[in-house]
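# model this:
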Amino acid sequence: MNIRKAFFATLLSCLVFSSLFVESGYAFSLIKSWFTSDETAETKEKEAKEAEKPSAHIAKKKEKPTAAASKPKAGDGKTVVVFQDGTTVTEDKIREDLEEIPAQLSAKMSFQDIKVLLAWKAAFSKVMYEHAQKSGVLNDKKAQEIIKARGDTAIGLLLLEEMSSTAVTFEQGKKIYNESWAKHGKDKNELHLLAINTTNSTVSANLSQNQGTRQMSEVVEVLDKHKRDTKYMDLGQRNQSMYPPEIASAALKAGKGHTIGPFELGGALMFFFIVDISKAQKQKFDQEFFEKYKEANKKEFVNEFMRGLYAKHHVTFYKFDGSKLDPFQIVEQGKKNAKVRDFSKIKADYLMADIGGRKVCVRDVLEFFKVDSLLSEVFVTMSRQFGISLEDVCYYAAKVLTDDRILLLEAVETGFNKRKDIVEKCKNLERMELIHRAIQNRVKVTSADIKKHYNKFIQSIPDEDKNDQEIAVKMVFFPTKEAAARALDDVLHGSAKFTDQFTEQKGSSDGGAVDLGYVRRQSTPPELWALIKKGAQGTCCKQVIEVNGAQFGVKGNYAILYVSDRRPVSLPSLANPQEKAYFEALAFREQAIEFVMALMEAAVKSILGRPISEWRREKEYVHSILNMLVGTPTSAPQQQ
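This is a model prediction of the structure:
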């Protein structure tokens with residue numbers, strides 16, 4: 001997930017429920033991916049049980065909806081929702097929303113799942129919009145201003161989505177491909193990787209077994225047995241340049257059938273199983289390939305389209321020192337000129353961008369993101385998460401605001417915002433935002449509610465984890481067990497220092513050295529954890545271990561371990577504003593779902609032929625649907 005997506009995820013966080021249906025698939029993809037998400041232990045337990053025993057009304061076979069699949073089956077009937085006032089919703093009506101469900105969501109659902117979801121959405125929309133009208137939120141001036149601002153953003157995103165697929169001609173696409181091939185593809189390899197995120201020590205240990213001989217199906221079989229605390233994604237065949245250098249390098253050293261890692265990405269520890277490695281081949285750029293290339297490389301086409309708009313509207317960006325900035329090379333330039341800046345000296349009227357005479361100042365950026373200063377927790381957190389300077393985060397924030405403004409300018413100039421389908425989508429967005437505002441006005445979360453969810457979360461953490469430690473570990477690899485044993489003996493008897501061994505082997509052609517940083521029991525193989533836990537701080541563990549060096553991107557299969565530090569694992573705290581906000585969101589969601597369900601029970605007679613009271617008995621399933629409609633909280637806090 002790149003930082004642009006994170007900014008839009010922040011901007012649209014309260015529109016998650018509507019973006020599932022109203023906004024484009026591009027907007028939906030801006031929401032955080034599952035790699036950086038987490039849930040409470042209780043939620044994971046429920047998901048594991050659901051995975052083992054599907055609900056009776058959910059199709060077991062997961063198949064992507066098709067035109068044929070969307071046709072009503074014999075006996076299904078045309079009415080899907082019946083309200084107490086006698087009005088109904090037909091299957092034809094909910095089928096209109098089918099294409100609005102992003103591929104990222106629909107690919108994970110059966111057609112029956114989607115049908116249920118759309119039927120509930122239709123009932124939810126009618127009941128909650130009528131409530132919003134009665135609540136007086138339609139007369140709320142502040143709400144109307146927010147709705148207009150978000151409507152403008154939505155129009156820009158819809159334009160961007162459409163233009164990313166249509167604005168680039170065949171010849172332009174060919175030019176982009178050839179330039180990309182010359183820069184990133186030529187003389188490179190393609191890697192087919194399976195990305196794995198797990199906190200299960202059994203899985204971690206299994207990944208290091210049978211290196212070089214395993215098939216992807218064997219690995220997936222193991223992962224599927226531990227769905228509660230393991231997630232994975234097939235990344236497909238990609239040029240090595242699309243991966244961080246350390247991952248690409250480790251994969252190429254290890255080879256097909258090996259597992260490498262863990263790598264820290266976005267705050268999560270990731271393993272990668274190498275499905276295949278092949279020489280990158282330049283493709284014949286014909287019309288068929290162009291269509292596939294457009295779909296797979298929307299990011300490049302988006303940049304091409306945005307560059308054109310920047311030129312058209314005469315956009316200029318400025319750094320905090322007054323020099324000009326290329327908004328499409330922010331991080332690359334930042335790495336070359338990284339400086340520690342005193343943000344307290346930057347005034348609110350400081351010019352960050354100029355759009356043909358229209359100024360974008362620091363004040364505008366702060367208002368756009370609803371923060372008080374450039375040192376806001378939102379910006380600081382993004383700086384830490386993506387490993388870039390706070391200054392670059394501020395430049396990105398200015399770029400997101402500038403994108404928002406010039407996209408709206410383009411939409412108005414071209415009449416895109418007046419198009420019938422766009423107007424209809426914006427009306428739907430307005431309705432959903434009014435519903436959300438009405439729910440927010442109705443649900444009030446108290447300190448006691450927050451404390452209840454916090455205590456529930458803490459109680460879900462096993463005692464052994466609450467009182468555990470995390471240990472900083474360094475490893476030095478050797479080609480043979482004898483060489484490792486000699487090195488360990490020298491360190492233990494004082495004739496050599498571990499730091500010297502680490503430095504010497506770091507550049508070795510037949511060994512290596514790796515700083516694992518802080519590791520925890522949950523993500524460390526049991527036998528390895530038992531060894532390092534015994535080690536005193538500032539000493540080597542008194543045993544040579546056999547481990548596949550390729551898994552860590554080095555050579556050598558024998559290693560000695562050094563414990564450089566240990567510290568207690570701290571639990572989430574309500575004193576931390578971000579963590580408190582998470583538990584507040586949980587409390588809000590719980591109350592909001594109960595409030596919505598009460599209104600639904602009073603106004604809805606049946607959904608898909610089943611009385612609403614019967615649906616009510618399937619609490620977990622219904623709550624999972626309402627989660628998507630009401631909106632879900634941000635990621636659960638992590639133990640520090």
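# quick one: the helices in the stretch 51-200 of the chain?
Applying DSSP state H, counting those that start in this stretch to the stretch 51-200 of the chain gives helices spanning 91-95, 103-106, 111-135, 141-166, 170-180.
# tell me which of these is the most buried.
Ranked by mean neighbour count, those are led by helix 111-135 with a mean of 20 (mean count of other C-beta atoms under 10 Å). Bear in mind the C-beta positions are built from the backbone N, C-alpha and C, glycine included.
# before we move on, the earlier item: can I get the helices of the stretch 51-200 of the chain in CSV with mean pLDDT and distance to residue 207?
Shown next, in CSV, are these (pLDDT from 0 to 100; distance: least, C-beta to C-beta, whole Å):
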stretch, mean pLDDT, distance to residue 207
helix 91-95, 80, 43
helix 103-106, 52, 26
helix 111-135, 88, 31
helix 141-166, 80, 37
helix 170-180, 83, 33
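# I'd like the ones you listed written out as CSV, with distance to residue 520 added.
Output for the helices of the stretch 51-200 of the chain, formatted as CSV (distance: least, C-beta to C-beta, whole Å):
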stretch, distance to residue 520
helix 91-95, 46
helix 103-106, 30
helix 111-135, 35
helix 141-166, 39
helix 170-180, 39
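# nearest to residue 617, of those?
Among these, helix 111-135 comes nearest to residue 617, with 15.1 Å by C-beta to C-beta.
# now do the closest one against helix 141-166, angle only.
Put simply, helix 111-135 runs at 150 degrees to helix 141-166, going by axes from the mean of the first three to the mean of the last three C-alpha atoms, to 10 degrees.
# how about the residue nearest to residue 152 when sequence neighbours are not counted, what does it touch?
Nearest non-adjacent residue to residue 152, counting by C-beta to C-beta, 6 or more residues apart in numbering: residue 408, 5.0 Å away. Contact analysis of residue 408 by C-beta atoms under 8 Å, 6 or more residues apart in numbering lists 152, 153, 155, 156, 417.
# and the second one, how far is that from residue 490?
In this view, residue 153 and residue 490 are 63 Å apart by C-beta to C-beta, to the nearest Å.
# now do the fourth one
Relative to residue 490, residue 156 is positioned 64 Å away (C-beta to C-beta).
# follow-up on the earlier one: now the residue nearest to residue 152, what's its secondary structure?
Following DSSP: H, G, I helix; E, B strand; the rest coil, residue 408 is assigned to helix.
# could you dump the contacts of residue 408 to JSON lines with distance to residue 344?
Output for those, formatted as JSON lines (distance: C-beta to C-beta, whole Å):
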{"residue": "152", "distance to residue 344": "32"}
{"residue": "153", "distance to residue 344": "30"}
{"residue": "155", "distance to residue 344": "36"}
{"residue": "156", "distance to residue 344": "32"}
{"residue": "417", "distance to residue 344": "40"}
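# max pairwise distance over those: which two?
153 and 417 (12.0 Å).
# excluding sequence neighbours, find me the nearest residue to residue 586.
residue 453 (4.5 Å).
# which other residues reach the helix or strand where residue 310 lies?
Residue 310 is located in helix 298-312, with elements delineated by DSSP states H and E. Outside helix 298-312, the residues that touch it by C-beta under 8 Å, 6+ apart are 26, 160, 163-165, 167-168, 172-173, 176, 180, 294, 315, 327-328, 403, 406-407, 410.
# so, low pLDDT: which residues of the stretch 1-150 of the chain?
1-77, 98-110 (pLDDT under 70).
# kindly recompute the last result at 80.
Applying pLDDT under 80 to the stretch 1-150 of the chain picks out residues 1-77, 95-113, 138-147, 150.
# now name the helix or strand holding residue 426.
According to DSSP H and E, residue 426 maps onto helix 420-442.
# with residue 237 instead?
With DSSP H and E as the criterion, residue 237 is inside strand 230-239.
# packing partners of that strand?
Judged by 3 or more C-beta pairs under 8 Å, 6 or more residues apart in numbering; DSSP states H and E, strand 230-239 is in contact with strand 189-198, helix 216-224, strand 268-279.
# how about the CA coordinates for the next helix or strand after it, as CSV?
Under the assignment DSSP H and E, the closest C-terminal helix or strand after strand 230-239 is helix 245-254. Taking C-alpha atoms only, helix 245-254 is exported to CSV below (Å, rounded to 0.1, in the frame of the first residue of the first chain):
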residue,chain,number,x,y,z
PRO,A,245,15.4,-4.5,-3.2
GLU,A,246,16.0,-6.6,-0.1
ILE,A,247,13.1,-8.9,-1.0
ALA,A,248,14.0,-9.2,-4.6
SER,A,249,17.7,-9.9,-3.7
ALA,A,250,16.8,-12.5,-1.1
ALA,A,251,14.4,-14.2,-3.5
LEU,A,252,16.9,-14.4,-6.3
LYS,A,253,19.6,-15.8,-3.9
ALA,A,254,17.2,-18.4,-2.5
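# ok, and for helix 245-254, which residues are buried?
Neighbour-count burial for helix 245-254, counted by 16 or more other C-beta atoms under 10 Å, picks out 247, 248, 250, 251, 252, 253, 254.
# and what of stretch 533-552?
So, applying 16+ other C-beta under 10 Å, buried residues of stretch 533-552: 535, 540, 541, 544, 545, 547, 548, 549, 550, 551, 552.
# got the CA positions of that stretch in CSV?
C-alpha atoms of stretch 533-552 as CSV (Å, rounded to 0.1, in the frame of the first residue of the first chain):
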residue,chain,number,x,y,z
LYS,A,533,15.0,-16.5,25.8
LYS,A,534,17.7,-18.3,27.8
GLY,A,535,20.4,-16.0,26.4
ALA,A,536,21.6,-13.2,28.7
GLN,A,537,21.5,-9.7,27.3
GLY,A,538,24.8,-8.8,25.6
THR,A,539,25.9,-12.5,25.1
CYS,A,540,25.8,-15.2,22.5
CYS,A,541,23.4,-18.1,22.8
LYS,A,542,25.5,-21.2,23.7
GLN,A,543,24.4,-23.3,20.7
VAL,A,544,24.9,-23.4,17.0
ILE,A,545,21.6,-23.6,15.1
GLU,A,546,20.9,-25.1,11.7
VAL,A,547,18.8,-22.8,9.6
ASN,A,548,18.4,-22.0,5.9
GLY,A,549,20.3,-18.8,5.3
ALA,A,550,18.4,-18.2,2.0
GLN,A,551,15.3,-17.6,4.1
PHE,A,552,17.1,-14.5,5.4
